[in-house]
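**Q** dropping a prediction and its sequence here:
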Amino acid sequence: MKLILMLALFLPLIYAGSMRRDLTFPDELRYAEVAREMLESGNGILPRFNYAVYPDKPPVFFWALAASMKLFGENPPAALLPSMIPAILTLLMTYLLGKEIFHHEAGLYGVWILGSFFLFLMMSQVVRMDMLMTLLITASHYFFYRGLKERGRPQYRVLAGYLCIGAALITKGPVGLILPLITILSYLFLNKETKRIKSLYTFRGLLLMLGIPLLWLSLASLQGGEAYLRDILLKQSAGRVIESFSHAKPVYYYLLYFPLLLIPWSLFLALFLDPGIRNDLSKDRDGVLFLLCWVLGALIFFSLISGKILIYLLPLTPALALLIARVFSPILKEPGILQRPILFKLPACLLSGIYIIGAFGIYAASGKAPFIKGGRDLLPLFPILILGGIFLFYHANRMHILKSFTLIGLVSIFVTGAVTLWLAPRINPYLSLKPMARRILSLKKDHPEAAGYKVDLRYLTFYLKTPYDKLNSSEEVVRFMEKKQAFLIVDENDLPLIRETLQRPLAEIGRFPIKGVSYLLFFTL
């Protein structure tokens, strides 16, 4: 019942925010447009974006997006469902894994902690494949762990693990295989059970894992040819590992930013230093080792990859949540187990100070953001953070561990709710291309031709349903302006050059400040 209540608390928060904002660019509109073009063309094998082959990502997430948009329409709630549903299922899988590795309470606490990670909550409300990938990787770890523990029984769970890996391979590439492989091999090696690797190997499992990806690749190669295979296998997969063309960061990047992954629970890693807790953890050495292999193995792997952004570590969050939950579970029942109370009290008091200082810091910085109109847009955040900080300081000083534990989760959930339900709708006009698309469609509904001078706004295709052209030279602009009833988009800084090139008046029909850039929209008569 507690688990149901937890999930019931997360679900409205995660879903409600999607109804009050438009899809943003580049990622959300790009992925939604790939799915829309799948529906329009009836071709789900070869993804396309702006009516050109899109080799950047495999198709599973786009299939889920297309199915949701087919059922519920081309709108933000439908586009966000393939992230929201996996988020809820990931919470459920975290509970099952925690219950299997430790006990029922650890699973429940793991759900509470994972569901209050800011990164997890925010990624639950973004159109990206990372949450679906996290679900599949979590599920594969659960099924393989169960398979390892059920010796001599039919290995249905192992087969389910292989199936999850196969789905992950065509969701976001080889990382869906590499992470479970690192976890299982390192876990068996450290447990001196390498002979058990053979028990996990099954022909049916390999067939499930590789059959669907190979079938899709075969069909995609027939349509896209050798160039498509080379792009998706070498450039998009191997290329990101060896020499990334985007998000390249130094090898120590994740060590610096790892604490951000665990907000607001980062400071409580200090509890691992307590002798009483370490003694209690030794009772569940096997489960702790499995989770540490998952976290450390994945962290090392992602650190060695050239391309790095914090959200790549999202598949680690269920394991991290369960490790922190296992630390809290004994002291929530018996606070006396904690031999050094300062290791709880100090992080909790520091966190309360961060809440209060953060509230005033956000207010001070609000006037500097071009899309936030002073403190009014951030109004709900202040009472949540200030009152949360005061109550947390009070309970932490009195070692009310359960109340502090509950309060930390509630502050995260309410802050996220304030951002999605209050702040996001207010900054939406400064992040959305929809007003520009509406202006274009108000003048020409059917197949409007739109292009931009050195402006890449292909994401407008989601609304216009026609290809968008990027013009890179003055000659291309001149030729484009000879067309009748076409739309030209120009960065305001390039307007003098465009006027000099065309040497005639331009019919400006709108100005749109989006993400700090002022775009001008012109119409050819």
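**A** On my side now, so go ahead.

**Q** quick check: can you list the domain ranges of the chain?
**A** For the chain, automatic domain parsing gives the domain ranges 2-337, 342-427, 434-523.

**Q** pipe those into JSON lines and attach mean neighbour count per row.
**A** For every residue, glycine as well, the C-beta is placed using N, CA and C. Shown next, in JSON lines, are the domains of the chain (neighbours: other C-beta atoms under 10 Å):
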{"stretch": "domain 2-337", "mean neighbour count": "19"}
{"stretch": "domain 342-427", "mean neighbour count": "17"}
{"stretch": "domain 434-523", "mean neighbour count": "16"}
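
**Q** quick one: the ones you listed as JSON lines, columns for mean pLDDT too.
**A** Listed next are the domains of the chain as JSON lines, based on pLDDT from 0 to 100:
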{"stretch": "domain 2-337", "mean pLDDT": "87"}
{"stretch": "domain 342-427", "mean pLDDT": "84"}
{"stretch": "domain 434-523", "mean pLDDT": "87"}
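
**Q** just want the most central residue of the chain.
**A** Met123 (3.7 Å; C-alpha atoms, centre = their mean).

**Q** contacting residues around it?
**A** Ser83, Ala87, Asp130, Met131, Ile311, Leu314 (C-beta atoms under 8 Å, 6 or more residues apart in numbering).

**Q** farthest-separated two in those?
**A** Between any two of these, the greatest separation by C-beta to C-beta is 13.3 Å, found for Ala87 and Ile311.

**Q** how about the strands of the stretch 301-450 of the chain, start to end?
**A** For the stretch 301-450 of the chain, the strands defined by DSSP state E, counting those that start in this stretch occupy 449-453.

**Q** show me what the lengthiest helix in the chain is packed up against.
**A** The residue-count maximum for a helix in the chain (DSSP state H) belongs to helix 203-230. On a contact count with 3 or more C-beta pairs under 8 Å, 6 or more residues apart in numbering; DSSP states H and E, helix 203-230 meets helix 156-172.

**Q** before we move on, the earlier item: starting at the chain centroid, how far to the longest helix of the chain?
**A** The chain centre lies 26 Å from the centre of helix 203-230; the measure is C-alpha atoms, centre = their mean, to the nearest Å.

**Q** specify the angle between it and helix 156-172 in degrees.
**A** 0 degrees (axes from the mean of the first three to the mean of the last three C-alpha atoms, to 10 degrees).

**Q** where's Thr138, which helix or strand?
**A** helix 130-149 (DSSP states H and E).

**Q** that helix - contacts with which helices or strands?
**A** helix 60-72, helix 76-101, helix 156-172, helix 175-190, helix 197-200, helix 285-304, helix 317-333.

**Q** go again with 10 Å.
**A** On a contact count with 3 or more C-beta pairs under 10 Å, 6 or more residues apart in numbering; DSSP states H and E, helix 130-149 meets helix 60-72, helix 76-101, helix 118-123, helix 156-172, helix 175-190, helix 197-200, helix 285-304, helix 317-333.

**Q** and these: which comes nearest Ser218?
**A** The nearest among the helices and strands packed on helix 130-149, by C-beta to C-beta, is helix 156-172 at 12.2 Å.

**Q** mind giving me the packing neighbours of the closest one?
**A** Using 3+ C-beta pairs under 10 Å, 6+ apart: helix 156-172 touches helix 60-72, helix 130-149, helix 175-190, helix 197-200, helix 203-230.

**Q** mind checking the ones you listed for the one nearest to Trp422?
**A** helix 130-149 (22.9 Å).

**Q** check the offset of that closest one from the chain's centre.
**A** That offset, for helix 130-149, works out to 17 Å (C-alpha atoms, centre = their mean).

**Q** check stretch 85-103 too.
**A** For stretch 85-103, the distance to the chain centre is 18 Å (C-alpha atoms, centre = their mean).

**Q** do the same with stretch 112-123
**A** Using C-alpha atoms, centre = their mean, the offset of stretch 112-123 from its chain centre is 11 Å.

**Q** start to end distance for it?
**A** 16 Å (C-alpha to C-alpha, to the nearest Å).

**Q** please apply the same query to stretch 446-466.
**A** Per C-alpha to C-alpha, stretch 446-466 runs 9 Å from first to last residue.

**Q** tell me which of the helices and strands packed on helix 130-149 lies nearest to Leu457.
**A** helix 76-101 (18.3 Å).

**Q** the helix or strand just after the closest one: how far from the chain's middle?
**A** Remark: after helix 76-101, the chain's next helix or strand is helix 104-114, criterion DSSP H and E. The gap between where helix 104-114 is centred and where its chain is centred comes out at 21 Å by C-alpha atoms, centre = their mean.

**Q** what's the angle between helix 104-114 and helix 76-101?
**A** Using the same axes, to 10 degrees: helix 104-114 against helix 76-101 is 150 degrees.

**Q** mind giving me the packing neighbours of helix 104-114?
**A** Using 3+ C-beta pairs under 10 Å, 6+ apart: helix 104-114 touches helix 2-16, helix 76-101, helix 118-123, helix 317-333, helix 401-418.

**Q** dihedrals phi and psi, Phe487?
**A** phi -120, psi 130 (degrees, to the nearest 10).

**Q** that one pairs with what?
**A** On the basis of DSSP bridges, Phe487 is bridged to Ala450, Phe523.

**Q** which ones are touching it?
**A** 436, 439-440, 443-444, 448-452, 460, 464, 468, 480, 509-510, 521-524 (C-beta atoms under 10 Å, 6 or more residues apart in numbering).

**Q** for it, give its distance to Phe522.
**A** 7 Å (C-beta to C-beta, to the nearest Å).

**Q** please apply the same query to Leu392.
**A** For Leu392 relative to Phe522 (C-beta to C-beta), the value is 54 Å.

**Q** now Lys70
**A** According to C-beta to C-beta, Lys70 and Phe522 sit 36 Å apart.

**Q** with Phe360 instead?
**A** Counting by C-beta to C-beta, the gap from Phe360 to Phe522 is 44 Å.

**Q** ok, Leu148 next?
**A** 64 Å.

**Q** now swap in Tyr254 and tell me
**A** 45 Å.

**Q** wait, is Ile509 part of a strand?
**A** Yes: per DSSP: H, G, I helix; E, B strand; the rest coil, Ile509 lies within a strand segment.

**Q** that one contacts Val490, correct?
**A** No: with contact defined as C-beta atoms under 10 Å, Ile509 does not reach Val490; the gap is 12.0 Å.

**Q** list the residues that contact both of those two?
**A** Leu520, Leu521, Phe522.

**Q** who are the contact partners of the second one?
**A** Under the criterion of C-beta under 10 Å, 6+ apart, the contact partners of Leu521 comprise 436, 439-440, 443, 450, 452, 487-490, 507-512.

**Q** ok, the first one next?
**A** Counting by C-beta under 10 Å, 6+ apart, Leu520 touches 453, 455, 488-492, 494-495, 498, 506, 508-512.

**Q** before we move on, the earlier item: which neighbours do Ala87 and Ile311 share?
**A** Common neighbours of Ala87 and Ile311 (C-beta under 10 Å, 6+ apart) are Met123, Met131, Thr134.

**Q** distance of the first one relative to Ser186?
**A** Met123 sits 26 Å away from Ser186, going by C-beta to C-beta.

**Q** cool, and the second one?
**A** Using C-beta to C-beta, Met131 is found at 25 Å from Ser186.

**Q** can you check Ile354 too?
**A** For Ile354 relative to Ser186 (C-beta to C-beta), the value is 34 Å.

**Q** and what of Asn279?
**A** Asn279 is 24 Å from Ser186, by C-beta to C-beta.
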